[in-house]
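Visitor: quick one: sequence and predicted model below, then my questions.
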Amino acid sequence: MCAGPRHTYYVTKCWKSGYRVLLSERSLEVDVEVRRWRPALLSFFLKRVHDRAEAEDLTQETFARLFGGDARQTGLHSGYIFQVAANLLRDRARHGKVRSDQADAVRQLYGQSVDFLDPERIAAGKSIMTQLLRSLGDLPTRTRAIFILYRIENIEKKVIAESFGISPSAVEKHVARAMSHLMTRARGLAQ
């Protein structure tokens, strides 16, 4: 303990970083309260938001509201602390609803002038799919199978290589060959 011009200071070990720091009497009170309530608040938020980073942020925001400003909060009551925490959750829900409503409004505005079931688009899409299937049919059986497994079924190269008894680089070559063939065919159709 040291005495300064206006405040008494204490040397303590910081609970997060482990460094010894000088704390005023007020800071020491806050540190004691944070150590006491942090695990319970973190658990409270984790049960409700299911995201550790979000729970950490809400816990920190609770302490900021409790100890911010000039108000001296000593001997905090659990009802008060958790009421502040519940209010933060309500604020978070309100903000989320506003963002969701705004996103819905934007989607409606952009969707008003577009007919998603336009017959011309449907016919063009069917034509493109037919050409793609023909182009895939032109590929050697093994190359076609590897391409479909990798690009459409999202199976890892290593798994495909093991099932075909080839190296992962050979899988890459088959996929590159198929992509090259499909791109060439697509360019020829566009011209």
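Guide: In hand now; what should we look at? Numbers count the residues shown, from 1 in each chain.
Visitor: next, count neighbours for L66.
Guide: Using other CB atoms under 10 Å, L66 is surrounded by 20 other residues. Every C-beta, even on glycine, is put in place using the N, C-alpha and C of the backbone.
Visitor: mind checking which helix or strand it is in?
Guide: Using DSSP states H and E, L66 maps to helix 52-67.
Visitor: next, the buried residues of that helix.
Guide: A55, L58, T59, E61, T62, F63, L66, F67 (16 or more other CB atoms under 10 Å).
Visitor: got it, and stretch 138-147?
Guide: Those would be L139, T143, R144, A145, I146, F147, for stretch 138-147 by 16+ other CB under 10 Å.
Visitor: list the contacts of the closest residue to R65 other than its chain neighbours.
Guide: Distances taken as CB to CB, 6 or more residues apart in numbering place V84 nearest to R65, at 5.4 Å, with adjacent residues excluded. With contact set as CB atoms under 8 Å, 6 or more residues apart in numbering, V84 has these partners: T62, R65, L66.
Visitor: distance of S135 relative to H174?
Guide: Distance of S135 to H174, given as CB to CB, to the nearest Å: 15 Å.
Visitor: now do E153
Guide: E153 sits 14 Å away from H174, going by CB to CB.
Visitor: do A105 as well
Guide: 47 Å.
Visitor: the more surrounded of the two?
Guide: In this view A105 and H174 are compared by other CB under 10 Å, and H174 has more residues nearby, 25 against 10.
Visitor: other residues contacting the helix holding L66?
Guide: So helix 52-67 is contacted by 30, 33-34, 37-38, 41-42, 45-46, 49, 73, 76, 81, 84-85, 88-89, 92 (CB under 8 Å, 6+ apart).
Visitor: buried subset of these?
Guide: For these, buried by 16+ other CB under 10 Å: 30, 33-34, 37-38, 41-42, 45-46, 73, 81, 84-85, 88, 92.
Visitor: may I have the strand or helix carrying E162 exported as CSV, CA atoms only?
Guide: Taking DSSP H and E as the definition, E162 sits inside helix 157-164. The C-alpha trace of helix 157-164 is given here as CSV (Å, rounded to 0.1, in the frame of the first residue of the first chain):
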residue,chain,number,x,y,z
LYS,A,157,-9.2,-34.5,-52.9
LYS,A,158,-7.5,-36.9,-50.5
VAL,A,159,-10.6,-39.1,-50.1
ILE,A,160,-11.2,-39.1,-53.9
ALA,A,161,-7.5,-40.0,-54.5
GLU,A,162,-7.7,-42.9,-52.0
SER,A,163,-10.9,-44.3,-53.5
PHE,A,164,-9.5,-44.2,-57.1
